[in-house]
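Enquirer: sequence plus the predicted model coming up.
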Amino acid sequence: AQKVTQAQTEISVVEKEDVTLDCVYETRDTTYYLFWYKQPPSGELVFLIRRNSFDEQNEISGRYSWNFQKSTSSFNFTITASQVVDSAVYFCALRAGNTGKLIFGQGTTLQVKP
Amino acid sequence: GAVVSQHPSRVICKSGTSVKIECRSLDFQATTMFWYRQFPKQSLMLMATSNEGSKATYEQGVEKDKFLINHASLTLSTLTVTSAHPEDSSFYICSATSGGDPVETQYFGPGTRLLVL
């Protein structure tokens, strides 16, 4: 079975704090892809990152960083020095198999207070 | 690049009417498009997958006669909610993948908020 779990339903931080959003996935496939999307209040999903199962290198993009660990089936997302504009719902997603379908986690609502 | 648009962004209709939602890939050819619905404070639920020129593949529990999907060209897919009822009120989002992207990242449209009165 394929599954994505985002255990944190809501997180609230004060601006400039660092925050980590957790994502744990389940799949029996050896080849798969992991994604993070941001959904601001406007509703549009914004693609943030894509990772394949053979690349465990962590990635940093500005204030965003991702930690992929196959040993724990986790793909966590950290925002450093958070800003109010980071307030949104963040979804972790898994693509496995050949269908192209994405399996989404339940999402984590991040609120960054000024 | 990889811009997906949806029209309309918001629609209010009376119960029993049909509503058509368009999804367009603006700067790439979308070999595959996906349709999702999202209820408030919930995750995205895949409704169907459509490939250009062929019939859509619906997820279990999604009525194909209620949610008609047409993917007539490589840049346009439409979702028609037939005989809409209040329980169909939701946020509908499409996504598209480009055959040229080997990893097939899904790029999402801005969504359509449907309210059925």
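Expert: Nice, I can see it. Numbering: from 1, shown residues only, chains lettered A, B, ... in the order given.

Enquirer: residues in contact with A:A1?
Expert: A:E26, A:R28 (CB atoms under 8 Å, 6 or more residues apart in numbering or on different chains). C-beta coordinates here come from the backbone N, C-alpha and C atoms, glycine included.

Enquirer: and it, how far is that from A:D55?
Expert: Separation of A:A1 from A:D55 (CB to CB, to the nearest Å): 24 Å.

Enquirer: pull up the distance across stretch B:55-65, start to finish.
Expert: In stretch B:55-65, first residue to last residue: 12 Å (CA to CA, to the nearest Å).

Enquirer: correction: stretch A:85-105
Expert: 22 Å.

Enquirer: endpoint to endpoint, stretch B:68-83 covers what distance?
Expert: With CA to CA applied, stretch B:68-83 spans 11 Å between its terminal residues.

Enquirer: what sits opposite B:S73 in the beta ladder?
Expert: Beta bridges link B:S73 to B:L76, judged by DSSP bridges.

Enquirer: next, count neighbours for residue 31.
Expert: Just going to use chain A. 12 (other CB atoms under 10 Å in any protein chain shown).

Enquirer: my question was about chain B, not that one.
Expert: 19.

Enquirer: what's the least confident helix or strand in chain A, going by average pLDDT?
Expert: strand A:59-61 (a mean of 89; mean pLDDT, DSSP states H and E).

Enquirer: quick one: pLDDT of the residue lying farthest from the centre of chain A?
Expert: Residue farthest from the centre of chain A, counting by CA atoms, centre = their mean, is A:P114 at 23.0 Å. For A:P114, the pLDDT comes out at 95.

Enquirer: how about the contacts made by it?
Expert: A:V14, A:E15, A:V84.

Enquirer: just the closest of those to chain B, please.
Expert: When the contacts of A:P114 are ranked by distance to chain B (CB to the nearest CB), A:V84 comes first, at 20.5 Å.

Enquirer: my guess is that closest one contacts A:E17. True?
Expert: No: using CB atoms under 8 Å, A:V84 makes no contact with A:E17, being 11.8 Å away.

Enquirer: ok, A:T27 - contacts?
Expert: Shown in contact with A:T27 (CB under 8 Å, 6+ apart): A:Q2, A:K3, A:L94, A:A96.

Enquirer: try it again with 10 Å
Expert: The neighbours of A:T27, taking CB atoms under 10 Å, 6 or more residues apart in numbering or on different chains as the test, are A:A1, A:Q2, A:K3, A:V4, A:L34, A:S53, A:S73, A:L94, A:R95, A:A96, A:G97, A:I103.

Enquirer: isn't the last one up against A:A96?
Expert: Yes: counting by CB atoms under 10 Å, a contact exists between A:I103 and A:A96, whose distance comes to 7.6 Å.

Enquirer: now do the strands in chain A.
Expert: Applying DSSP state E to chain A gives strands spanning A:3-5, A:10-14, A:19-21, A:24-26, A:32-39, A:46-52, A:59-61, A:64-69, A:74-79, A:88-96, A:103-104, A:108-113.

Enquirer: highest average neighbour count across those?
Expert: Burial of those is given as mean neighbour count (mean count of other CB atoms under 10 Å in any protein chain shown); strand A:88-96 ranks first at a mean of 23.

Enquirer: could you tell me the phi and psi values at B:D88?
Expert: Backbone dihedrals for B:D88, given as degrees, to the nearest 10, come out at phi -80, psi -10.

Enquirer: contacts only, for it.
Expert: B:D88 neighbours (CB under 10 Å, 6+ apart): B:C13, B:S15, B:V19, B:R37, B:K66, B:F67, B:V81, B:T82, B:L114, B:L115, B:V116.
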